[in-house]
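[1] sequence and computational prediction follow.
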Amino acid sequence: MAGGNEPFARIKIDQLLKDVGWKLTDGRSVQFEYLLDDGGKADYILCDRNGRAVAVLEAKRTSKSPREGEAQGVRYAEQLAVPFIFLSNGEEIWFWDKDKDAHPRPVDTFFSQADLERRKASRDIRRNPLDVIVDSRIAGRIYQKTCIDVVCREINSGRRKMLIEMATGTGKTRTAAALMKRLFEANAVTRTLFVVDRNTLAIQAEDAFAEHLPTLPCYRVPRTGRRFQDEKRITIVTLQTLVNEYANYSSGYFDLIVIDECHRSIYGKWRRALDHFDGIKIGLTATPCVFKNADDLEPDDLASVRDTLRFFEVDKPTYRYQLKEAIEDGYLVPYEIYRAMTVKTASKDGFEVKRDEIDWDALNDEARAELDAVFGLENSIVVDPNALERKFTIPERNRAMVREYRDMLEKGYSGPNDIRRAPDWGKTIVFAVNKQHAESLARIFDNQFADKKSDPSIRYADFVVSGQGPDDTVDAAAKIKRFKKEQFPQILVSVNMLDTGFDCPEVVNLIMARFTHSSILYQQMRGRGTRLAPGKDRFTIFDFTGVTLRHGDDEGEHNGGAVVVRKPTGMSEDGPRKLLTLDIHDEIDAATREWVTIDENGNSYMDASETYAEALGASFEEWFETGDFNSDQERLLRIMKEQIKANVETMERFDDFRFDMPPFSMIGGYQRARQVFGGDAGLEAVLASLNRAVFDSTSPGGSPETDQPSTRH
């Protein structure tokens, strides 16, 4: 180095080395101004504990870019036969594995002596990960193996950031475990960090890795202030702990960082902690990172998708396996929706609240003054339904939802076509707005199902809350464990606890008592019911808020909720300090009751039979276009089409005996049909052709039926 600020730059570089544990004065770890055979002089040589060179450090004065030392660094590294190069000016640090990387990359810190020793040892015995067989006992499904192969090919090509999108319930953790095992066995990595965003998920991951990776020492960092265990291969940590501890470790401490639910983990303070480590980064998410209708997304959702893709430096996920594919392949169960809103909830233009319906005495002075200003001189205001359980609560509304749920379990739902649909009895998750809402719903559910309990002290329904604050449920982990492992509770009401990462395959019902504009959050909530379980062939979403309508089928998008009034004045942003209880009647609006089934493309429709009828109609039209029919034949065939669509639940073929039944019997019946198509042979030929084209190619199960001749009764 040259220049007036050379001593200052060296002082800073020396300190940066000391920060990660390098001993500058033991005469063995660091060599200064090392004279090379060609007469050159390396600024720093970094050695292992035995004094053998493992890296060169080319220094530049602070006014220059460290990358100006690239050529010198390569020359010195080749003469010393070392693989690693550092470039620094005391402000920036760049790292370069010259045999693997085309360019150096910036890092937060120098690597410690132990980190460099590990990396040097592993690179000397590294194998191609693709040559290592994926452990099918951990990840035996085709898409899981494909995902692992795709990621390994990307790593081989030099990619250091990858994004995996896999639908909830398809085994992201198992896939990650099998990927880690392959990379460990290939000596491509020696130490891995697995990051989650809450402690319950850390515990879940620790259990999973202990089961699937028994030969790889794994541990969970329980809390801030506990040093990472250097001897362990897999470290599991929450973001909250990581953000407090990352600065205590060099950038080279982890070779691989796997970020679970990464769409929630790459922002602000979290991102700095993740960027600190130089290891390969793999993000796992169940949230779609590419949306068909991006224009309809909430700004927060768009930002989440955009920032996730940006962090992993991709324009689409490295590998995707979506809900539709998983259901089609039989790895997840399909779902149906029962939608029923109360009169107040269904009121799109808001519902009226009168002055005398509010318990003014329950409000503090400030809240009373704010609400009084909203009313002004009016005797009533109009409230947005989305403010329910955020600003206002209607106890009778909650009771109506619970009664409706019990009625559907016992009686089912019969739509306009009299086809009865019914959900299954079993484990149920309820998504609530806040702690007070959750407590209230749990109590109402428990009362409604009191006859199903073997003892009055047992809780048929319970609740768990996580708001990262004083309202959190202290014994949430114990409640969740009971819900998963024991008969009771059958119903668990959740606020921010079971939305993501929760795994209980036995869940057969989800109750949406909370509305969200966030497509990401909605899909996470929906994913709680998709997992396979013995005897489970579907799950049911009970939508009492219209949230499924909003998303075509976070906590934060409404924060304090919205109160819509008829005049410009309104409450402050925080609103009243107490949830207002409205002593008004509410009940399920019969006009909103409907049973919705989801097709293989993820589109909703009102009844399975309606979609099948549409498919039969489309097949009929395709067949009809190929025929050469006269006007009488066309007229009769059109009536036949409508009869096929109207009887999809019972009609497997169009047999000729149907001509003796209405409406055909009123226009000449079988004799008329025989006449129109030129006799028995002509009629039989038309029916055989129609059945082959319409029913055999459009069976509900997707497997054509054997063509059989129509027979008279």
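    All right, it came through fine. As the structure is a computational prediction, the values presented were derived from the model and not from experiment.
[2] from here on, contacts and neighbour counts on C-alpha atoms
    Fine.
[3] which helix runs longest in this protein?
    Taking DSSP state H as the criterion, the chain has its longest helix at helix 608-626.
[4] so which elements touch it?
    In terms of contacts (3 or more Cα pairs under 8 Å, 6 or more residues apart in numbering; DSSP states H and E), helix 608-626 is packed against helix 631-646, helix 680-694.
[5] pull out the buried residues from the longest one.
    Buried residues in helix 631-646, counted by 16 or more other Cα atoms under 10 Å: 636-637, 640-641, 643-645.
[6] out of those, the closest to Phe502 would be?
    Lys645 (41.5 Å; Cα to Cα).
[7] pretty sure the closest one contacts Ala615?
    No. Contact criterion Cα atoms under 8 Å: Lys645 and Ala615 do not qualify, at 9.1 Å.
[8] for Asp660, what are its contacts?
    Neighbour list for Asp660: 669-670 [criterion: Cα atoms under 8 Å, 6 or more residues apart in numbering].
[9] ok, which of the helices and strands packed on helix 608-626 comes nearest Ser414?
    Nearest of these (Cα to Cα): helix 631-646, 16.0 Å.
[10] report all helices and strands that the next helix or strand after the closest one contacts.
    Using DSSP states H and E, the helix or strand that follows helix 631-646 in sequence is helix 669-676. Judged by 3+ Cα pairs under 8 Å, 6+ apart, helix 669-676 is in contact with helix 631-646, helix 680-694.
[11] the last one - contacts with which helices or strands?
    Spelled out, that is helix 680-694. Counting by 3+ Cα pairs under 8 Å, 6+ apart, helix 680-694 packs on helix 608-626, helix 669-676.
[12] circling back: out of the helices and strands packed on helix 608-626, flag the one nearest Asp230.
    Comparing these by Cα to Cα, helix 680-694 comes nearest, at 66.4 Å.
[13] now do that closest one against helix 669-676, angle only.
    100 degrees (axes from the mean of the first three to the mean of the last three Cα atoms, to 10 degrees).
[14] list the buried ones in helix 680-694?
    Using 16+ other Cα under 10 Å as the test for burial, helix 680-694 gives 683-684, 687-688, 690-694.
[15] and the chain, what are its domains?
    6-111, 129-328, 335-605, 608-694 (automatic domain parsing).
[16] now, which of the buried residues of helix 631-646 sits nearest Lys479?
    So of the buried residues of helix 631-646, ranked by how close each gets to Lys479 (Cα to Cα), first place is Lys645, at 48.7 Å.
[17] how much space separates that closest one from Arg306?
    Note on Lys645: its distance to Arg306, by Cα to Cα, to the nearest Å, is 44 Å.
[18] can you put the domains of the chain in JSON lines and add mean pLDDT and distance to Ala121?
    Below are these laid out as JSON lines (pLDDT from 0 to 100; distance: least, Cα to Cα, whole Å):
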{"stretch": "domain 6-111", "mean pLDDT": "91", "distance to Ala121": "10"}
{"stretch": "domain 129-328", "mean pLDDT": "88", "distance to Ala121": "9"}
{"stretch": "domain 335-605", "mean pLDDT": "74", "distance to Ala121": "36"}
{"stretch": "domain 608-694", "mean pLDDT": "85", "distance to Ala121": "60"}
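[19] quick one: closest of those domains to Lys120.
    Using Cα to Cα, those put domain 6-111 closest to Lys120, at 7.2 Å.
[20] hang on, Ala208 in a strand?
    No. Going by DSSP: H, G, I helix; E, B strand; the rest coil, the assignment for Ala208 is helix, not a strand.
[21] give me the number of residues near it?
    When neighbours are counted by other Cα atoms under 10 Å, Ala208 registers 15.
[22] from Pro214, how far off is it?
    Distance from Ala208 to Pro214, by Cα to Cα: 10 Å.
[23] and if you look at Leu377?
    Counting by Cα to Cα - Leu377 and Pro214 are separated by 71 Å.
[24] repeat that for Leu17.
    Distance, Leu17 to Pro214, using Cα to Cα: 36 Å.
[25] report how many residues lie close to the nearest residue to Ser519 once chain neighbours are set aside.
    Spatially, and ignoring its direct neighbours in sequence, Ser519 is nearest to His551 (6.4 Å; Cα to Cα, 6 or more residues apart in numbering). By other Cα under 10 Å, the residues close to His551 number 16.
[26] got a list of contacts for stretch 442-452?
    Contacts for stretch 442-452 (Cα under 8 Å, 6+ apart): 398-399, 402-403, 406, 456, 459-463, 491-493.
[27] before we move on, what about stretch 214-227?
    With Cα under 8 Å, 6+ apart, stretch 214-227 has contacts from 202-203, 206, 209-210, 228, 232-238, 241-242, 244-245.
[28] give me the subset of the residues you listed lying in strands.
    Under the assignment DSSP state E, the contacts of stretch 214-227 contribute 234-238 to strands.
[29] go ahead and flag the most central residue of this structure.
    Closest residue to the average C-alpha location of the chain: Ala286 at 3.1 Å, with Cα atoms, centre = their mean.
[30] show the contacting residues for that one.
    165-168, 261, 524.
[31] thinking again about what came up before, may I ask which of the ones in strands among the contacts of stretch 214-227 has the most neighbours?
    Val237 leads those on contacts (other Cα under 10 Å) with 28 neighbours.
[32] residue contacts, it?
    Contacts of Val237 (Cα under 8 Å, 6+ apart): 193-196, 202, 220-222.
[33] go again using 10 Å as the cut-off
    Listed by Cα atoms under 10 Å, 6 or more residues apart in numbering, the contact set of Val237 reads 193-199, 201-203, 205-206, 219-224, 228, 243.
[34] next: Ala81.
    By Cα under 10 Å, 6+ apart, Ala81 lies in contact with 53-55, 75.
[35] of these, which belong to strands?
    Using DSSP E, the contacts of Ala81 in strands are 53-55.
[36] any chance of the residues you listed in CSV, plus neighbour count and distance to Ile280?
    Shown next, in CSV, are the ones in strands among the contacts of Ala81 (neighbours: other Cα atoms under 10 Å; distance: Cα to Cα, whole Å):
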residue, neighbour count, distance to Ile280
Ala53, 21, 25
Val54, 21, 21
Ala55, 29, 20
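[37] could you single out the nearest of these to Ala9?
    Using Cα to Cα, those come closest to Ala9 at Ala55, 19.3 Å.
[38] would you agree the closest one is in contact with Ser112?
    No. Counting by Cα atoms under 10 Å, Ala55 stays clear of Ser112, with 11.2 Å between them.
[39] okay, and the common contacts of the two?
    Common contacts of Ala55 and Ser112 (Cα under 10 Å, 6+ apart): 46, 48.
[40] A strand includes Ile511, no?
    Yes. Judged by three-state DSSP, Ile511 forms part of a strand.
[41] which residues pair with it across the strands?
    Counting by DSSP bridges, Ile511 is bridged to Val430, Phe542.
[42] OK, contacts around it?
    Listed by Cα under 10 Å, 6+ apart, the contact partners of Ile511 are 337-338, 401-402, 405, 428-432, 491, 493, 525-526, 540-545.
[43] on that earlier part again, emit the ChimeraX select command for whichever of the contacts of stretch 214-227 are buried.
    Buried residues within the contacts of stretch 214-227, by 16+ other Cα under 10 Å, are selected in ChimeraX with:
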select :202,203,206,209,228,233,234,235,236,237,238,241,242,245
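[44] all set now, cheers.
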